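Engineer: pasted the sequence and its predicted model underneath.
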Amino acid sequence: MSEFGAGAELPGWVTESRSRGEFFSPEESHAAAPAGFLQELPSYRSVLRRRAAAGDVQERWGNLRGIASAERREPQPDGGERGAIPLWELPFSIAEKRRIRDSQQGDIKYSSGWNHWKRTSSKSWKKALKDIKELSSYMQLWRHDIHSIEGKFGTGIQSYFSFLRFLVLLNFLMFILMFSFVTLPAVISNYGIFNSSSTKISPNNTEPYCTVYTPSGNKGLVYFYTYLKDLLTGTGFLEVTVLFYGYYTIDAAWFSVLRYNLPLAYLLTTFAYLALSFVWIIKRSVERFRQHLVDDEDQFQSYCNKVFAGWDFCITDLNAARLKHRSLLYELQTNLEEERLKQKIAERTMKEKLQIYSLRIFINIIVIAVLSGCFYSIYRATVFSQENSSNISIVGFQANLLVQYLPSIVITSANFIAPQIFSFLIRFEDYSAAFEIRLTLIRCVFVRLANVGVLLFSLWSQIHCDNDQCKACGYDYELYPCWESAVGQEMYKLLIFDFMIIIAMTLFVDFPRKLLVTYCSWKLVQWWGLQEFGISDNVLEIIYGQTICWIGTFFSPLLPAIATIKYFIIFYIKKISLIHTRKPASRPIRASSSNFFFLAVLLIGLILAFVPLGVSIALISSSKACGPFRNFNTSWAIVPYTILEFPIGLQKFLYGIASEAFAVPFFVIACLFMFYFIALAGAHKRVVEQLREQLVTESRDKLFLLEKLSEAQKNSGKPQKARS
């Protein structure tokens, strides 16, 4: 190593080759590796320039290779530490991994009985987990359908159907939580099943008129259309069922000698389904974000991965091979489209930049005007509906029904019209396909979620009143004797109406358009063509419905079951519409970026759902005539009331955790940990960048050696020709 000077290091691949004895042998090292030759290597020059900066990286690589070589040379009776790292994760060649495996198998013969049993049981457990994971993948919901969609229409559309499957599973788990801990105990105790009973305590210190609640159930002769109206609006016979908040007027459920605190279970289950949704979305977002970073960091690397490592050689079925081929084709088409757009942006002149920026500013002004119009229309419709919906005897039945559900109709109309306008305008802004979806989603999110916010604000302004008679109850008891059920009915109507609009669009718009394009040869109809499958519009539909479900589950505990059935049916409706009535987008998108962004928008919807739920639980007075919280001022009051029943020591501990003396140090320590992990992530990022530079340098070394080898072969061939 004297040829390199003090402190200089050989490249990693050189040291690795020497450790295997595959480079220069000791007896011919001086002849084969003169000082001048090795000092011409690009890696040697880079080491001299970045000796101080890259010293730690080289030392880590040397330590890693030293440990691995020691493992190959020295037998270890206890293979727990070495067996913790799988062989396929070690950065070595196949021959080295085989030698390590043979060494491990040789160690097993000379190990003790305990070590032998531990090693074999660990392998058996890992194999069992792997088999279970493979079996669960085969049992995955809509596995074949989603793979078929991916092959025919690309990973962008496939990401929408995978996202829809995720929401089906999420809503099903939410339904299991609410049904198991709220609905089932209430039903069992009300009907006295399994020797159970329920306790109902009348509210104390409350005016008698506040406790009067007469549900609008159907009495006497009822027409068929009345049941249909009740089914669509949640009133009538549905109002007194387990679907809505007013049914759970129970203070405690007794199962033999066990007391089940239903109000506390109701509140904790609400927190549980919100926490489950938050954690699951965060977990999937992190997984998709990793893939998003891998795909978006280097387009050339992504292209090479698809060309040289994208094929699955385990595929033996012809149809599966065609699906995989189409999937790779769509991925490559997406990469080429994005590269073409980047090249177009780079070649723009100053005049073209001014034109496109001016056009984008003008289009954004139109978007703001559309948003303002939607918000004002919903506000006016809600005010008009609240002021005139009580005049049942004055106007006709149909007119009153229209007035009563005018907010839902206006919201549904705005949710349908605004995305169409945004999708049309985005075409003129000249963005990439992935960014078009993100921007359109952001614009449509403001429409849909703000529409729900305006509706809830209008309802709460009607629920809360300032006169002296209302202050006795804390809310407008005459208009809303059980205001939680009224809010639940509004959320139920929005969910049902949204589902009806999706079905109506498929049956009365997409299919007739398909028939016209197929059987009508007019140029105008052919120019109109089939409608594209807009991913942003479809994703926003289900995010909007899921936000309504998160908000409404507190007021309607079985709403997740309705959402599960709704999304289950929507999957097949959208699949049929995609295959038979629509065409894939002319500008395909990458699935990795769209998957992450879908979850990010869904997380925004969940966070926005926290606001109305927090206001309803902590600030608005609970109904005194219905529900499990009728004996408390607010729903949150059950928590301190329950804590008072705990032992004194536990009470002091909980109050200490909730105090500022604990919260401030905890916040400071959490910030310190956060800064530490941020710094650690930055250090890891720098190490990764240095390792990438090392890989590039080693590739240059190999090219340099190949050039030297070709020159040596040419020089060695000239004397032979001269001799001949």
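Structural biologist: Perfect, I can see it now.
Engineer: doesn't S432 make contact with E338?
Structural biologist: Yes. The pair E338 / S432 is scored as a contact, 5.6 Å apart, by C-beta atoms under 8 Å. All C-beta atoms are positioned from the backbone trio N, CA, C, and that covers glycine.
Engineer: just want the most central residue of this structure.
Structural biologist: Centroid check for the chain by C-alpha atoms, centre = their mean gives L599 as the closest residue, at 2.9 Å.
Engineer: what about the nearest residue to that residue once chain neighbours are set aside, neighbour count?
Structural biologist: Distances taken as C-beta to C-beta, 6 or more residues apart in numbering put S285 closest to L599, at 4.4 Å, once the chain neighbours are dropped. Close neighbours of S285, defined as other C-beta atoms under 10 Å, add up to 19.
Engineer: same check, this time on L644
Structural biologist: L644 has 7 nearby residues by other C-beta under 10 Å.
Engineer: what is the longest helix along the chain packed up against?
Structural biologist: Using DSSP state H, we find that the single longest helix of the chain is helix 660-723. The helices and strands touching helix 660-723, judged by 3 or more C-beta pairs under 8 Å, 6 or more residues apart in numbering; DSSP states H and E, are helix 12-20, helix 42-49, helix 55-73.
Engineer: what packs against the helix or strand containing K130?
Structural biologist: Using DSSP states H and E, the element containing K130 is helix 113-138. Identification of packing neighbours for helix 113-138 by 3+ C-beta pairs under 8 Å, 6+ apart yields helix 80-83.
Engineer: sorry, back to before: in the helix holding K130, what's buried?
Structural biologist: For helix 113-138, the neighbour count (16 or more other C-beta atoms under 10 Å) marks N115, K118, R119 as buried.
Engineer: what does stretch 177-194 give?
Structural biologist: L177, M178, F179, F181, V182, T183, P185, A186, V187, I188, S189, N190.
Engineer: low-scoring pLDDT stretches of the stretch 501-650 of the chain, where are they?
Structural biologist: For the stretch 501-650 of the chain, the stretches flagged by pLDDT under 70 are 584-594.
Engineer: that one: helices as residue ranges?
Structural biologist: Assigned by DSSP state H, counting those that start in this stretch, the helices in the stretch 501-650 of the chain fall at 511-519, 523-528, 535-552, 559-576, 591-618, 638-643, 648-658.
Engineer: and the helices in the stretch 251-400 of the chain?
Structural biologist: Going by DSSP H, counting those that start in this stretch, the stretch 251-400 of the chain shows helices at 262-297, 299-309, 318-346, 350-388, 397-404.
Engineer: would you single out the least confident of those helices?
Structural biologist: Lowest mean pLDDT of these: helix 397-404, a mean of 65.
Engineer: and the angle for the longest helix of the chain with helix 648-658?
Structural biologist: Between the axes of helix 660-723 and helix 648-658, defined by axes from the mean of the first three to the mean of the last three C-alpha atoms, to 10 degrees, the angle is 60 degrees.
Engineer: please report the distance of R686 from E698.
Structural biologist: To E698, R686 is 19 Å away according to C-beta to C-beta, to the nearest Å.
Engineer: neighbour count for the two, which is higher?
Structural biologist: Of the pair R686 and E698, E698 is the one with more neighbours under other C-beta under 10 Å, namely 18 against 13.
Engineer: now, the buried residues of stretch 177-194 that are in helices?
Structural biologist: Counting by DSSP H, the buried residues of stretch 177-194 contribute L177, M178, P185, A186, V187, I188, S189, N190 to helices.
Engineer: run a quick neighbour tally on V452.
Structural biologist: Residues near V452, counting by other C-beta under 10 Å: 24.
Engineer: what does P560 give?
Structural biologist: So P560, with other C-beta under 10 Å, has 25 neighbours.
Engineer: tell me which residues touch I421, please.
Structural biologist: By C-beta atoms under 8 Å, 6 or more residues apart in numbering, the residues touching I421 are V370.
Engineer: what about it, which helix or strand?
Structural biologist: helix 406-426.
Engineer: show me the contacts for the residue nearest to Y641 when sequence neighbours are not counted.
Structural biologist: Counting by C-beta to C-beta, 6+ apart, Y641 lies nearest to F632, which is 6.9 Å off, once chain neighbours are set aside. By C-beta under 8 Å, 6+ apart, the contact set of F632 is P263, S622, I638, Y641.
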